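Student: Got a sequence here, can you model it:
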Amino acid sequence: RSRIVDGILVIDKPQGPTSHDVVAIVRRQFSKQRIGHTGTLDPLATGVLPLACGQATRLVQFLIDKEKEYEAIIRFGLETDTYDVTGREVSTSSLIPSRKKIFEAFRNFQGSYLQTPPPVSAKKIAGRPAYSLVRSGKNVTLAAVNVTVQNLALSVIDNTRVKVRLTCSAGFYVRSLAHDVGRQVGSGACLESLRRIRSGQFDLLSALTLDELFQDPEAACQQLIPLQHLLPNIPEAMVNPEGQRRVSHGQEIGPAHITSNYPNSATWVRLLSQNGSLLALAKPGQTPGSLHPSVVLM
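Tutor: Numbers count the residues shown, from 1 in each chain. Below is the predicted model of the structure:
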């Protein structure tokens, strides 16, 4: 069986399986290697699901809070308990909101605001996912979370459906957007389809379908985004061989070990070897100009 080395494999998730299902499928394909995802997609949703493989699993904390970009279809006149078309019907309405009313409603959900996550979600309450509490018959109300929406673009498909393209902060629920807009226009609404077209630095251009993965695992490995290409927004510093030896033992390095400049104000720095491999992520050390490798990848 093929083995993936360290890096990110971007999967174009199909509709149906959960993110955990996709991780399990890919693990089986690649000899149960360490693989984790960088943020869930609902079973209904398709699109960009970056999987961290091998040492890249240690970088998930830095990849999980990046902005996302989606294309969605919202259907008016139907409310469900999950806020999408897969849920149990809560109410229906024959009211058809005007285009003007739809556009005005969406205007209220741009910029930063407090959003209440759907009760059927993976958000934890006292250690249990909210959806498991809902399924056991409990009423669940989740705390509102500060979210940000940029670049919201709308196109009306027909009398009951609208296509939305948006860029949003991590933790944003497009299902909640659909539900909240439906409440504002008075007809109720739910999410009909959702496609994630970007997650942080990863997009559909570098994504593989599961079919492509099974047909040619070796070619899939060539699509892997290596460690040194991850987190491009974090400044980098190159270290000499003695610095590399110290980093491998988790020891602090100083100016004598660093062969390139980096901003002194940086909260995190990527440490690279002389040949460009990513060795570690470091924080400022105890003494001026020193760096402490906090996440070692060697």
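
Student: May I ask you to confirm that Leu191 is in contact with Leu44?
Tutor: Yes: the criterion here is C-beta atoms under 8 Å, and Leu191 meets it with Leu44 at 7.2 Å. Bear in mind the C-beta positions are built from the backbone N, C-alpha and C, glycine included.

Student: joint contacts of the two?
Tutor: Residues touching both Leu191 and Leu44 (C-beta atoms under 8 Å, 6 or more residues apart in numbering): 84-85.

Student: These two - which one has more neighbours?
Tutor: Neighbour totals were compared for Leu191 and Leu44, and Leu191 leads with 29 against 17 (other C-beta atoms under 10 Å).

Student: The stretch 1-150 of the chain: helices as residue ranges?
Tutor: 19-29, 60-63, 99-107, 130-135 (DSSP state H, counting those that start in this stretch).

Student: Let's have those helices in TSV, adding mean pLDDT.
Tutor: Output for the helices of the stretch 1-150 of the chain, formatted as TSV (pLDDT from 0 to 100):
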stretch	mean pLDDT
helix 19-29	90
helix 60-63	91
helix 99-107	95
helix 130-135	67
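
Student: Relative to Phe172, which of the ones you listed is closest?
Tutor: Among these, the nearest to Phe172 by C-beta to C-beta is helix 99-107 (14.1 Å).

Student: which residues sit against that closest one?
Tutor: Helix 99-107 is contacted from outside by 76, 97, 152, 154, 156, 162, 164, 181, 184-185, using C-beta under 8 Å, 6+ apart.

Student: Show the contacting residues for the residue lying closest to Gln228 once chain neighbours are set aside.
Tutor: Distances taken as C-beta to C-beta, 6 or more residues apart in numbering place Leu278 nearest to Gln228, at 4.5 Å, with adjacent residues excluded. Leu278 sits next to 226-228, 230, 270-272, 297 when contact means C-beta under 8 Å, 6+ apart.

Student: ok so, going back, among the contacts of helix 99-107, which are in helices?
Tutor: Here DSSP state H is the test, and those give 181, 184-185 as lying in helices.
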